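1. Just need the structure, nothing else, for what follows:
(3 chains)
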Amino acid sequence: MKPATKLLAAAAAVLVGTAGAASAQTLDKVKKQGNLSCGVNVGLAGFSAPDDKGNWTGLDADYCRAVAAAVLGDATKVRFVPTTAKERFTALQSGEIDVLIRNTTWTLGRDSSLGLSFVGTNYYDGQGMMVKKSLGVKSATELSGATVCVQTGTTTELNLADYFRVNKLDYKPVVFEKADETLTAYQAGRCDVYTTDASGLYAQRLQLQNPDEHIVLPEIISKEPLGPSVRQGDSQWFTIVRWVHFALLNAEEAGITKANVDQMLNSTNPDIRRILGKEGEFGKGIGLGSDWAYQIIKQVGNYGEIFDKNVGAGSRINIARGQNNLWSKGGLQYAPPIR
Amino acid sequence: MTATTNRPAPGPITPPAKPNLLYRPEFRQAVYQVLLVVCLLFAFWTIANNVADNLARQNIASGFGFWNRTSGFDISQSLIPYSNQSTYGQAFWAGLLNTLLVAVIGIVFATVLGFLVGIGRLSSNWLIARICGAYVELLRNVPLLLQLFFWYFAVLKNLPGPRQSIALPFGASLNVRGLYLPAPVPEPGFGAVLTALGIGIVLSIAVAIWARRRQRATGERFPVLWTTLALVLLLPGAVYIALGQPLSFQYPVLRGFNFQGGIAVLPELMALLVGLSTYTASFIAEIVRAGIAGVPRGQREAANALGLSSGLTMRLVILPQALRIIIPPLTSQYLNLTKNSSLAVAIGYPDFVSVFTGTVLNQTGQAVEVILLTMLVFLTISLITSAFMNWFNKHIALVER
Amino acid sequence: MADTSRQQLRRAHGAAGAIVLSGVHKWYGEFHVLRDINLTVKDGEKIVICGPSGSGKSTLIRCINRLEEHQQGQIVVDGIELTSDLRNIDKIRAEVGMVFQSFNLFPHLTVLDNLCLAPVWVKKKSRAEAEKTARMYLERVKIPEQALKYPGQLSGGQQQRVAIARALCMNPNIMLFDEPTSALDPEMIKEVLDVMIELANSGMTMMCVTHEMAFARSVADRVIFMDRGEIVEMAPPGEFFSNPKSDRTKHFLSQILNH
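-> Got it, this is the predicted structure:
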């Protein structure tokens, strides 16, 4: 063959060869790699943010650790991939991350057209608004003509438009890519209102120079069920991540904590024995070891512990459990049984 | 040397025998061209197919069906009517126009400032040369994003809230929400003022042409600038007053949280324009300086020896030659400015990338289509800009030879 | 009419010639390029200046129309003293034409535009008048047919003749030549020298830096030899070539005449 023809043949082979992108089993890939690539927020206190030592902390970050503990038996085997609101879905679609746990709202649109599936809700949120106390505003309905700072690529941007339209109020949006800039602009007086998920409002209010000069308005203008999501088409991986979430809830319900999990191994309660892998072969059914849930609780804790530590009473943000309490305590968090 | 005696008698010229088709260079070249085109087409088709397949397999929506769907979000500045009930397609145009607005105004500012600084750097006035030099070194060595943040947050931090606005002449006011200008509202009869303005412009062009001809004919120069100013300002002004000032202004008024009415110039736009044009001007200044320095010293000496003043030397001898050196790199600075305008997203200006490649991409999740369109848009802008500059360059080069 | 007023002006200044240099010094930093130059050039006189490179001969004539600034001494051109007064500089530049070694035509303008530029913009002549003069001088330097070409399309000799015509269009009283033939191929030197000889015969005051000794012999009233910033020898050509007084002149002449 002439060199030119050879080159063409090679080029054609490469192009044809790339057909059929990787839809390999995520579980095998994660095990082979030896770590979990977990997409998190670039910085949202309480959910995922690096602390002063560079360790990722927060509810979402701990969920990443829980998945790693279940799959790899080691909660430290997580590669945290910070993503902006804009980049997050592409990162998941392209396979750069194995799971997206980044305070992302579960909607039908996202479930149906982005090629991803939400496994559950690890935080029930709603969109709120923050204003300067000095404006004297008591309710969102008084905000006609206001300027609103909002982050791009979020459901927040759409809810905002809906809320003002439905209530026949006029407003001007100012849209930023990153939460930090949005907040800085609000603080500099560019906007009257800063809007995002209520959890974010409470967390970010603490970053302001004088948190007490700002109030969060009582209206919650949307439902924002935040949860982890995975790529569609890998039901095994979907089931694993979903049951990591359920295991965290079930552990709290059964009273298994990081501190008492080793004692609990000797418990006679069949619920607890099934969770900790002492009875039945539930781990094997989802492709994991029988101690998968034990590892999660031992290394990360149960849902209540994670919540408390990161956003609840044990944290600076101090958000009440509210809707995020267990169903048995008046909240919405409900997990199917391990059985 | 004399010719040899055995030379054959000159007969009718016979064309050399044509070689076999396969060995003819033009045939071979054609074959390779066709092969290349076929391979490229095949490659594109494979890639497109591949992408479509993979998207379908992963259950990701594809196609351009989103174009006519309701966007559901708002944009803070739009040159066309736009609301959250508009479509993604309209959001595309709103964003694109915002980018073009910044690009066009930015290019004008950057060019004027760049030429002034570039020429100033060569000034024999020590202070001016130093100031211009410092300007260039400072501006082009600090990353643009930082400069944008500086302008934006520095501006925001130092401007008062809407209730403490700085009042400017003619009912304009300036505050952290932007610069609010009175909006002109034409009343009956205003058409005549516009007509007068049109006549003034046409007349001043005519005067300019006439003055040029007269200078060629008699050598006398005519004060074109002043006549033009008089024609363009005084003529419509006189008509305006004669007709009883048929124009009212809608003044911005503080109502509720913000000023309402009038024309609002967003602080994001101001910061972006200032940032982009001062930054790009520093590069243009260097290009201008290099262009002027690239004109041989002898040209200036020859012009001086002929008695041309330094201003005339610059205008008639140096700049026309320097422009040939300046224009190609100037084009790439214009393109850079246009591309750099996408940093707008960092300071909340709704440019094309922020609106379309940001919000629209996110709300639809159709990264492939949106990125494809984005690339197409920037490619088109770039090609149009460089086509224009190539034409301009050729126009100037033609004068050369 | 203009001439008579200039005569009066010159008389008023008490100057004795078209160009008077007295005690002129110039330094480039530490380097002393011109040392105590005293020279009077009379109206219509032709001076040829020669000397080794770096002797200051180009600098000397460039001082006369202020392309270089002298630091000490006095230069009076056509009765006008060269000071830093911009009006004087402009007046002198309008009186003095200059031809450069590297032609320095404006490459973006046609030959005709090169010739008309200064008359139109500086002397405020009409384009038609300027063009008429331009064509007349192109005729005189024997290239009328090149009027609409660009400099890049001409040979070196033609370009230098255009440069001479361009200087003449300003109607100068004095012409300065800075090595006008040094950048030319040998076969083109003659065409330029012919123009210069013709110009000399018309009575123009000329100062010419050149190594064309045949030209010096046939045209010059005086030949000046410069070395290390000084005028070493100054004499009519007959005397200069046959009986040089200084050893430096002899050495220089032996070098340029014997090759």
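
2. All the helices of the stretch 51-200 of chain C, residue numbers only.
-> Residue ranges of the helices in the stretch 51-200 of chain C, as given by DSSP state H, counting those that start in this stretch, are C:57-64, C:86-95, C:111-121, C:127-140, C:156-168, C:186-201.

3. Mean pLDDT added to these, as a markdown table?
-> As requested, the helices of the stretch 51-200 of chain C are arranged in a markdown table below (pLDDT from 0 to 100):
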| stretch | mean pLDDT |
| --- | --- |
| helix C:57-64 | 92 |
| helix C:86-95 | 83 |
| helix C:111-121 | 92 |
| helix C:127-140 | 92 |
| helix C:156-168 | 94 |
| helix C:186-201 | 91 |
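
4. So which of those is nearest chain A?
-> helix C:156-168 (48.6 Å; C-beta to the nearest C-beta). To be clear about C-beta, it is placed using only N, CA and C from the backbone, and glycine gets the same treatment.

5. Can you list the neighbours in contact with that closest one?
-> Outside helix C:156-168, the residues within contact range by C-beta atoms under 8 Å, 6 or more residues apart in numbering or on different chains are B:302, B:305-306, C:97-100, C:103-105, C:111, C:114-115, C:118, C:134, C:137-138, C:140-143, C:146, C:151, C:154, C:175, C:180-181, C:183-185, C:187-189, C:191-192, C:195-196, C:199.

6. circling back: need the helices of the stretch 51-200 of chain C in JSON lines with mean neighbour count, can you?
-> As requested, the helices of the stretch 51-200 of chain C are exported to JSON lines (neighbours: other C-beta atoms under 10 Å in any protein chain shown):
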{"stretch": "helix C:57-64", "mean neighbour count": "23"}
{"stretch": "helix C:86-95", "mean neighbour count": "17"}
{"stretch": "helix C:111-121", "mean neighbour count": "24"}
{"stretch": "helix C:127-140", "mean neighbour count": "18"}
{"stretch": "helix C:156-168", "mean neighbour count": "25"}
{"stretch": "helix C:186-201", "mean neighbour count": "17"}
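
7. Tell me which of the ones you listed sits nearest to residue A:213.
-> When the helices of the stretch 51-200 of chain C are compared for distance to residue A:213 using C-beta to C-beta, the nearest one is helix C:86-95, at 64.5 Å.

8. which stretches of the chain have low pLDDT?
-> You didn't say which chain, so I picked chain A. Applying pLDDT under 70 to chain A picks out residues A:1-24.

9. please go with chain B instead
-> Judged by pLDDT under 70, chain B has its weakly predicted residues at B:1-15, B:216-221, B:397-401.

10. Now do the helices in it.
-> Per DSSP state H, chain B has helices spanning B:25-57, B:88-121, B:126-141, B:144-158, B:190-218, B:224-229, B:235-242, B:267-293, B:297-305, B:310-312, B:319-340, B:352, B:361-364, B:367-400. These are given in chain order.

11. Could you dump these into TSV and include distance to chain C?
-> Compiled in TSV, those are given as follows (distance: least, C-beta to the nearest C-beta, whole Å):
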stretch	distance to chain C
helix B:25-57	34
helix B:88-121	18
helix B:126-141	17
helix B:144-158	35
helix B:190-218	4
helix B:224-229	15
helix B:235-242	30
helix B:267-293	13
helix B:297-305	4
helix B:310-312	6
helix B:319-340	5
helix B:352	39
helix B:361-364	49
helix B:367-400	5
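
12. mind putting those in JSON lines, mean neighbour count and distance to residue A:256 included?
-> Written out in JSON lines, the entries for the helices of chain B read as follows (neighbours: other C-beta atoms under 10 Å in any protein chain shown; distance: least, C-beta to C-beta, whole Å):
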{"stretch": "helix B:25-57", "mean neighbour count": "12", "distance to residue A:256": "40"}
{"stretch": "helix B:88-121", "mean neighbour count": "20", "distance to residue A:256": "49"}
{"stretch": "helix B:126-141", "mean neighbour count": "14", "distance to residue A:256": "59"}
{"stretch": "helix B:144-158", "mean neighbour count": "17", "distance to residue A:256": "48"}
{"stretch": "helix B:190-218", "mean neighbour count": "15", "distance to residue A:256": "80"}
{"stretch": "helix B:224-229", "mean neighbour count": "14", "distance to residue A:256": "86"}
{"stretch": "helix B:235-242", "mean neighbour count": "16", "distance to residue A:256": "84"}
{"stretch": "helix B:267-293", "mean neighbour count": "23", "distance to residue A:256": "52"}
{"stretch": "helix B:297-305", "mean neighbour count": "20", "distance to residue A:256": "87"}
{"stretch": "helix B:310-312", "mean neighbour count": "13", "distance to residue A:256": "88"}
{"stretch": "helix B:319-340", "mean neighbour count": "20", "distance to residue A:256": "55"}
{"stretch": "helix B:352", "mean neighbour count": "30", "distance to residue A:256": "53"}
{"stretch": "helix B:361-364", "mean neighbour count": "24", "distance to residue A:256": "39"}
{"stretch": "helix B:367-400", "mean neighbour count": "14", "distance to residue A:256": "42"}
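
13. Reformat those as JSON lines; add distance to residue A:103.
-> Converted to JSON lines, the helices of chain B look like this (distance: least, C-beta to C-beta, whole Å):
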{"stretch": "helix B:25-57", "distance to residue A:103": "26"}
{"stretch": "helix B:88-121", "distance to residue A:103": "25"}
{"stretch": "helix B:126-141", "distance to residue A:103": "38"}
{"stretch": "helix B:144-158", "distance to residue A:103": "25"}
{"stretch": "helix B:190-218", "distance to residue A:103": "55"}
{"stretch": "helix B:224-229", "distance to residue A:103": "60"}
{"stretch": "helix B:235-242", "distance to residue A:103": "58"}
{"stretch": "helix B:267-293", "distance to residue A:103": "26"}
{"stretch": "helix B:297-305", "distance to residue A:103": "66"}
{"stretch": "helix B:310-312", "distance to residue A:103": "64"}
{"stretch": "helix B:319-340", "distance to residue A:103": "31"}
{"stretch": "helix B:352", "distance to residue A:103": "28"}
{"stretch": "helix B:361-364", "distance to residue A:103": "15"}
{"stretch": "helix B:367-400", "distance to residue A:103": "21"}
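
14. List the contacts of residue A:98.
-> Taking C-beta under 8 Å, 6+ apart as the criterion, residue A:98 is in contact with A:26, A:29, A:30, A:36, A:37, A:38, A:230, A:237.
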